[in-house]
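*Asks:* Here's a sequence, model it:
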Amino acid sequence: MKQSFLFANLIFILYLFTSCGSSKTIAGDATSHVTPIICAEEYSQKYNMQLDFMKHHFSGLLIVRKLPDNEIRILASTYFGLSLFDFSLRKNEFHVNSCIEPMKKKKMLLLLETDFKNLFLSGKNIRIKKKSSTFEKRATGRGFGKSVFYLSEFNLEHPEQIKIKHPWLRLSIQLDKLKENPN
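*Replies:* Numbers count the residues shown, from 1 in each chain. Next comes the predicted model:
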């Protein structure tokens, strides 16, 4: 009986040491406060957007603009002009101006809110997983609320391509920055 008690304690201690591991990050890169991925400007920034949710696919334009009162306006529309959503971000406040019915679910809007706050505002609790001169991977949240940001094709330290994945929900959003016309 003494041996089985000793064996049970040993198993419990081993379980305790292996179950309390932390997430693996690059040494020195894990921060609790990270700069915004996209800096909203006074002029309209345009992105090609592809939103995939399970079997549904939406594609169109994402237009972002910073208004004079420090409000960031985020508008997504199809290439034919149908508005998918229109959001406003002011400091830490998120406002839905309009949204199409399939996306007008409380949890979907909350997920988009956290994604856009992480894109345009200084993110909190974001972990930088990998970083190089051409690629960066950031992660935030856990479980169903987990978001993974893949940043690539950097131009003057700003990513030209951003991919946001939600692994548990089979939701991905890809943004490709459109080039500005010099005319």
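
*Asks:* Can you check which strand is longest in the protein?
*Replies:* Scanning the chain for the strand with the most residues, using DSSP state E, yields strand 56-66.

*Asks:* Can you list the strands that that strand pairs with?
*Replies:* Strand pairing for strand 56-66, using DSSP bridges, gives strand 45-53 (antiparallel), strand 71-78 (antiparallel).

*Asks:* Quick check: mean pLDDT of the shortest one?
*Replies:* Per-residue pLDDT values over strand 71-78 give a mean of 93.

*Asks:* what are the phi and psi angles of the residue positioned nearest the centre of the chain?
*Replies:* Geometric centre of the chain, nearest residue: residue 115, 4.0 Å, by Cα atoms, centre = their mean. Dihedral angles of residue 115 (phi, psi; degrees, to the nearest 10) stand at phi -60, psi -50.

*Asks:* That one reaches residue 146, doesn't it?
*Replies:* No. Under the criterion of Cβ atoms under 8 Å, residue 115 is not in contact with residue 146, lying 11.3 Å apart. Yep, even glycine has a C-beta here, placed from its N, CA and C like the rest.

*Asks:* Mind listing the shared neighbours of those two?
*Replies:* Common neighbours of residue 115 and residue 146 are not found (criterion: Cβ atoms under 8 Å, 6 or more residues apart in numbering).

*Asks:* Flag the shaky bits of this protein, pLDDT-wise.
*Replies:* Confidence mapping of the chain against pLDDT under 70 gives the ranges 1-34, 123-125, 127, 133-134, 143-144, 181-183.

*Asks:* Can you list the residue ranges for strands in it?
*Replies:* Under the criterion DSSP E, the chain contains strands at 33-34, 45-53, 56-66, 71-78, 83-90, 93-99, 123-124, 126-131, 135-140, 147-155, 158-166, 171-177.

*Asks:* Spatially, and excluding backbone neighbours, which residue is closest to residue 84.
*Replies:* Closest residue in space to residue 84, ignoring its immediate chain neighbours: residue 76 at 4.2 Å, by Cβ to Cβ, 6 or more residues apart in numbering.

*Asks:* just checking, that neighbour touches residue 85?
*Replies:* Yes. The criterion here is Cβ under 8 Å, and residue 76 meets it with residue 85 at 5.2 Å.

*Asks:* In terms of neighbours, single out the busier of the two.
*Replies:* More crowded of residue 76 and residue 85, by other Cβ atoms under 10 Å: residue 76, with 25 against 21.

*Asks:* how far away is residue 101 from residue 151?
*Replies:* Going from residue 101 to residue 151 by Cβ to Cβ, to the nearest Å gives 31 Å.
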